[in-house]
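A.B. asks: no letters, just coordinates:
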């Protein structure tokens, strides 16, 4: 009768077949061969049936008693989350909080998800101390959103000391079930600096490498950028407060190019410069996992990346929502 039920668990049905075969006089070996089971399993369920009858063939998993998430318990969890763990660690984990409160970790997960709390994450920021932060930030954002008519806007900065690292051990390529692997040891072939100018309206990038990072190389790059614009076209350049950007040679360049105007980001706020986003892409795409046999090889791969990037360049979707902290840029 029980075996005819459609919702009978397969494990319970197997145990009932064991008991039925034993009741018909089958030996342990015959039951093992017929049901593909083992002698200890047969003994276990025979004993359970003798002690408890058919009920003993069911699966009992008591587990933890159900826990109700009351407002008081939710408030206790949230309050405890904002306190340091008692073991001296810096942040809570699900299991650590569950053990401290005396509840299941899934309940902790539910409360944290509802409150959007992520104790395992840490974000760093650097607040600007520039007294003219709002005015400078507004001017730069205005150039992004509503640039002057017929004017060119460039975000300019330099990525200095890019290392040409060559791995001493050969690279092990990607394969099924295994990530690409690089040897831990490396050889430094030297460093290279990169000057870049991003057009925030089109996403195009002008790049120029240099062995040194001085005002001489910076002014040479500025000359190259301005030369690509029509004569006397207003050019607005967004850049940070690096001393090289304010050197005497740079001031002389500005005097010789009255159509060029600099817009400096507030102190500790170079993230307002969109070229920093492009530098992060270059870092991920080329430098982080790159293997460079020489400085010339590093230069060649960077220039190739810039040249190919131009074929698919597009402006960044840049969002600014907090007047004092970096929120999102990508």
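C.D. replies: Great, that's in hand. Since we're looking at a predicted model, the values are computed, not measured.
A.B. asks: check which helices and strands the lengthiest strand in the chain sits against.
C.D. replies: Longest strand of the chain, by residue count under DSSP state E: strand 152-167. Secondary-structure packing of strand 152-167 (3 or more CB pairs under 8 Å, 6 or more residues apart in numbering; DSSP states H and E): strand 186-198, helix 215-227, strand 235-239, helix 275-282, helix 295-309. In this view, the C-beta of every residue, glycine as well, is placed from N, C-alpha and C.
A.B. asks: show me what the shortest one is packed up against.
C.D. replies: Going back to what we said before, that points to strand 235-239. Secondary-structure packing of strand 235-239 (3+ CB pairs under 8 Å, 6+ apart): helix 133-145, strand 152-167, helix 215-227, strand 260-264.
A.B. asks: of all these, which one is nearest residue 56?
C.D. replies: strand 152-167 (63.5 Å; CB to CB).
A.B. asks: so for that closest one, mean pLDDT?
C.D. replies: Strand 152-167 shows a mean pLDDT of 93.
A.B. asks: quickly run through the sheet partners of that strand, with directions.
C.D. replies: strand 186-198 (antiparallel), strand 235-239 (parallel) (DSSP bridges).
A.B. asks: out of these, which gets nearest to residue 312?
C.D. replies: Among the strands paired with strand 152-167, strand 186-198 comes nearest to residue 312, with 14.4 Å by CB to CB.
A.B. asks: same list (the helices and strands packed on strand 235-239) but as CSV, adding distance to residue 303 and mean neighbour count.
C.D. replies: Formatted as CSV, these follow (distance: least, CB to CB, whole Å; neighbours: other CB atoms under 10 Å):
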stretch, distance to residue 303, mean neighbour count
helix 133-145, 27, 16
strand 152-167, 12, 20
helix 215-227, 14, 17
strand 260-264, 25, 18
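A.B. asks: which one, of the ones you listed, ends up nearest to residue 70?
C.D. replies: Nearest of the helices and strands packed on strand 235-239 (CB to CB): helix 133-145, 45.6 Å.
A.B. asks: give me the contacts around the closest one.
C.D. replies: With CB atoms under 8 Å, 6 or more residues apart in numbering as the test, helix 133-145 has contacts from 130, 153, 200, 236, 238, 263-266, 269, 272-274, 318, 320, 323-324.
A.B. asks: could you do stretch 209-221 as well?
C.D. replies: Residues outside stretch 209-221 that contact it (CB under 8 Å, 6+ apart) are 156, 158, 160-161, 192-195, 197, 208, 244-245, 247-250, 252-253, 295, 299, 302-303.
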